[in-house]
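K.L.:
Build the 3D model from these lines:
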Amino acid sequence: MAEEFRPSIDPDELEQVTDATSLSRSVVRRPQRWHRWLTIPSGWVLVVCLFLPAVKLCDSAEPFPMVMVPFVWPVYLVGMLIALAAGTHRDAVRIYGAALFLLLRVTAFGVGGCVLFEIIDGQIGGEAVLIIGIAWLVFAATWRTPTDRAVAANSALAAAGSFAFTLAVALERLAVWGAHVAVVAAGVLLAGTLAWCLETLVRPRPT
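P.N.:
You can find the predicted model right below:
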């Protein structure tokens, strides 16, 4: 008897679905993850932008890349972690998701601490309360199990922060082409992570 034809399907990409028939058959279905077309390339481009000339200190100065400013690294490094999490299968997404959550917590703690010191020194006003509140919300949002849905939501949060920062840099008068590439990459990354969030909401759960 000829062997039954079985299509080649990656077992990590399968969802179990029960077919309610008298035979109680089990079929498999490959989930659609269209967000990868946006999140993976834009995430890696954002990391590359860390090394591209972004801004000049004055009109006659040479532009320098953001890698020269260590405290802004997380804005660009989140692109790498989001790309890795988006490109892997749903079981391994927890690993990269945990790394992303840790980076967000450290960043939120650092920003909140710096602003708090500025308040103590009397060098910053009421807007500090908003900054500390946002930092606290980011810190709290990452204290959860890095499921696919949680990683998608926090990736969107990180991408939004990256887009806001890179947009502010790109709007500076002395910004150069590297800053403009970064804001485009961050914008596409934000769109991709929002699509990822939508996919996790409409994706049927395994039965």
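K.L.:
Go through the strand or helix carrying residue 186 and flag the buried ones.
P.N.:
Assigned by DSSP states H and E, residue 186 belongs to helix 177-202. The neighbour-count check on helix 177-202 (16 or more other Cβ atoms under 10 Å) flags 178-197, 199-200 as buried. Placement of C-beta: from N, CA and C, glycine included.
K.L.:
Return the distance of the longest helix seen in the chain from the chain's centre.
P.N.:
Taking DSSP state H as the criterion, the chain has its longest helix at helix 93-121. Relative to its parent chain, helix 93-121 has a centroid offset of 14 Å by Cα atoms, centre = their mean, to the nearest Å.
K.L.:
so what secondary structure elements neighbour it?
P.N.:
For helix 93-121, the packing partners by 3 or more Cβ pairs under 8 Å, 6 or more residues apart in numbering; DSSP states H and E come out as helix 73-87, helix 127-141, helix 148-170.
K.L.:
of the ones you listed, which approaches residue 65 most closely?
P.N.:
With Cβ to Cβ as the measure, helix 73-87 is the member of those nearest residue 65 (9.9 Å).
K.L.:
what's the angle from the closest one to helix 177-202?
P.N.:
Helix 73-87 runs at 40 degrees relative to helix 177-202, counting by axes from the mean of the first three to the mean of the last three Cα atoms, to 10 degrees.
K.L.:
Which residues does helix 73-87 contact?
P.N.:
The contact list for helix 73-87 (Cβ atoms under 8 Å, 6 or more residues apart in numbering) reads 33, 35-36, 39-47, 49-50, 66-67, 93, 96-97, 99-100, 103-104, 106-107, 151, 155, 158-159, 161-162, 165-166, 182, 185-186, 189, 192-193, 196.
K.L.:
For residue 182, which non-adjacent residue is closest in space?
P.N.:
Spatially, and ignoring its direct neighbours in sequence, residue 182 is nearest to residue 49 (3.8 Å; Cβ to Cβ, 6 or more residues apart in numbering).
K.L.:
what's the answer for residue 199, then?
P.N.:
That would be residue 35: by Cβ to Cβ, 6+ apart, it lies 5.9 Å from residue 199.
K.L.:
my read: that neighbour touches residue 200, true?
P.N.:
No: Residue 35 lies out of contact with residue 200 (Cβ atoms under 8 Å); the separation is 9.4 Å.
K.L.:
give the contact list for the residue most central in space within the chain.
P.N.:
Per Cα atoms, centre = their mean, the C-alpha nearest to the average position across the chain is that of residue 155, at 3.3 Å. If a contact means Cβ under 8 Å, 6+ apart, then residue 155 has 39, 78, 82, 85-86, 100, 193, 196 as its contacts.
K.L.:
same thing with residue 174?
P.N.:
Shown in contact with residue 174 (Cβ under 8 Å, 6+ apart): 55-59, 63.
K.L.:
State the phi and psi torsions of residue 173.
P.N.:
Recorded main-chain torsions at residue 173 are phi -60, psi -30, according to degrees, to the nearest 10.
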